[in-house]
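In: Dropping a prediction and its sequence here:
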Amino acid sequence: MDFSFSLEQKILLDSVDKFCRREITPIVEEFEQNKTLHDSSTLKGWLRKLASFGAINGPLPEQYGGMGLDCVTTGLVHERIAESYITLQGCCIVTVSNAWALAATENDRLKQKYLPGVCSGDLIICGAITEPNVGSNPASIETTIKKVEGGYILNGAKTWISMGSVCDIALVTASIDRKLGAKGLAQILVDREQSPFKSRELEKLGWKGFPTAELHFEDLFIPEENLIVPPGEGLKTSLNAIGMARTLTAISATGVSRAAIALSVDYAKQRQQFGRPIASFQLIQAKIADMRARTDAGALLAYRALSMIDQGQRCLAESSMAKFYATEASVQTTSDCIQILGSYGLSTEYPAERFFRDARLTTIPDGTSEIHKLIVGREMTGISAFV
């Protein structure tokens, strides 16, 4: 097992680090306060910049505008961006995971039509699964598609949809027949210009600058050729996209944890109490050691899962472990950062409180920590605890 970086990875990551320091870090607070990335044209401008590093197109085939990178390298790029600004990295997660899902379908016409634009940053893509009454159990999805002449009629609502308010295309999971449960689920591509729908922005605890929306489909006509996954396979394909997204969310948590550790170390070395820096206190050093250990452990779990994806291996338990462990570890690590900074950790003059809010958010999307523990338990025992 080799943990060293190749020369190509070193060159790429050095370029990403320089870009983050030069262009991303200086604008974070302004973008968070003004929610700048809620503007689709601004977001596209950033996605175009990040496409050159493979952040939104890394593992996609070159024929569609991808870079043909492995998933591990893509994860390394994401970690650097998350350490600088987790909200922007979250936009990259949504893009690359849904592009990955579209590329895995058999609808060549749609792949040729939309993937090059997504991979370049010219089109914003999102996936729409979660509903007001449907979260951890997507098999009970209430949104429906009804076959009509020349296409389908889409009705229903989706909520907590990442980038839903700014998207150009949405991969919507819906039911052809709700009585069939998961076997009745299909996935259809909704082109917003072709089939306009309404959206409403939602406020959140963390990731303030990240666009998140509620979507409404009312007798929306979708052309027949936009069906990308037929009934019975919609959930499977959606979960494939979630598998990539949940692992990259673990990387999000790793990135913000590393930012919190760097802030804690810097502050502890400068802060003087009792005539010496608090970094010399045993309890402070113990906290920093715990922060580093749990962050590295979460990162290793995530990169193992990404490596398995690269090898075409099934990694349901591994990606779930990465998701619940790295995100919960990040909550504790960012909390410790606040504790080390004391009152300043509570102040908006320092990013510690933002790190904590952002870390706390990562435990919810793409499956809660509790759901992922049940997935691991099912994989280990062969017995499902889902009701």
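Out: Nice, thanks for sending it over. Numbering: from 1, shown residues only.
In: ok, the residue nearest to the spatial centre of the chain - contacts?
Out: Nearest residue to the geometric centre of the chain (C-alpha atoms, centre = their mean): residue 93, 3.9 Å. Taking C-beta atoms under 8 Å, 6 or more residues apart in numbering as the criterion, residue 93 is in contact with 78, 162, 245, 248-249, 252. In short, each C-beta sits where N, CA and C put it, glycine included.
In: now the strands: where do they sit in the protein?
Out: Assignment of strands within the chain using DSSP state E yields the ranges 125-128, 144-148, 151-162, 169-175, 185-191, 198-201, 212-223, 227-229, 272-273, 276-277.
In: Now do the same contact list for the residue nearest to residue 314 when sequence neighbours are not counted.
Out: Excluding the flanking residues, the one nearest residue 314 by C-beta to C-beta, 6 or more residues apart in numbering is residue 308, at 7.6 Å. By C-beta under 8 Å, 6+ apart, residue 308 lies in contact with 314-315, 318.
In: wait, which of those is closest to residue 126?
Out: Lowest distance from residue 126 to the contacts of residue 308 (C-beta to C-beta) belongs to residue 315, with 24.0 Å.
In: wait, the closest one sits on residue 250?
Out: No - Residue 315 sits out of contact with residue 250 when judged by C-beta atoms under 8 Å, with a separation of 12.0 Å.
In: okay, the two: which has more neighbours?
Out: Using other C-beta atoms under 10 Å, the more surrounded residue of residue 315 and residue 250 is residue 250, with 33 against 19.
In: Now do the contacts for that one.
Out: The neighbours of residue 250, taking C-beta under 8 Å, 6+ apart as the test, are 298, 301-302, 305, 319, 322-323, 325-327.
In: Please list the members of these that lie in helices.
Out: In this view, those that belong to helices under DSSP state H are 298, 301-302, 305, 319, 322-323, 325-327.
In: Format the residues you listed as a markdown table; extra columns: pLDDT and neighbour count.
Out: Output for the ones in helices among the contacts of residue 250, formatted as a markdown table (pLDDT from 0 to 100; neighbours: other C-beta atoms under 10 Å):
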| residue | pLDDT | neighbour count |
| --- | --- | --- |
| 298 | 98 | 26 |
| 301 | 98 | 23 |
| 302 | 98 | 30 |
| 305 | 96 | 30 |
| 319 | 96 | 30 |
| 322 | 98 | 29 |
| 323 | 98 | 35 |
| 325 | 98 | 22 |
| 326 | 98 | 30 |
| 327 | 98 | 29 |
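In: Which two of the residues you listed have the greatest separation?
Out: The span of these, defined through C-beta to C-beta, is set by 305 and 327 at 13.4 Å.
In: Filter the contacts of residue 93 down to the buried ones.
Out: Buried residues within the contacts of residue 93, counting neighbours by 16 or more other C-beta atoms under 10 Å: 78, 162, 245, 248-249, 252.
In: What segments of this protein are helices?
Out: 7-19, 28-34, 40-51, 71-84, 86-103, 108-120, 234-270, 282-310, 316-341, 343-346, 352-362, 369-381.
In: which of those has the lowest average pLDDT?
Out: For these, mean pLDDT drops lowest on helix 234-270, to a mean of 90.
In: Against residue 284, how distant is the residue sitting furthest away from the middle of the chain?
Out: Farthest-out residue of the chain from its mean C-alpha position, per C-alpha atoms, centre = their mean: residue 275, at 44.3 Å. Applying C-beta to C-beta, to the nearest Å, the value for residue 275 to residue 284 is 15 Å.
In: between residue 315 and residue 250, what contacts are shared?
Out: In contact with both residue 315 and residue 250: residue 305, using C-beta under 8 Å, 6+ apart.
In: Give me the distance between the nearest residue to residue 258 once chain neighbours are set aside and residue 77.
Out: Nearest non-adjacent residue to residue 258, counting by C-beta to C-beta, 6+ apart: residue 83, 4.9 Å away. Using C-beta to C-beta, residue 83 is found at 11 Å from residue 77.
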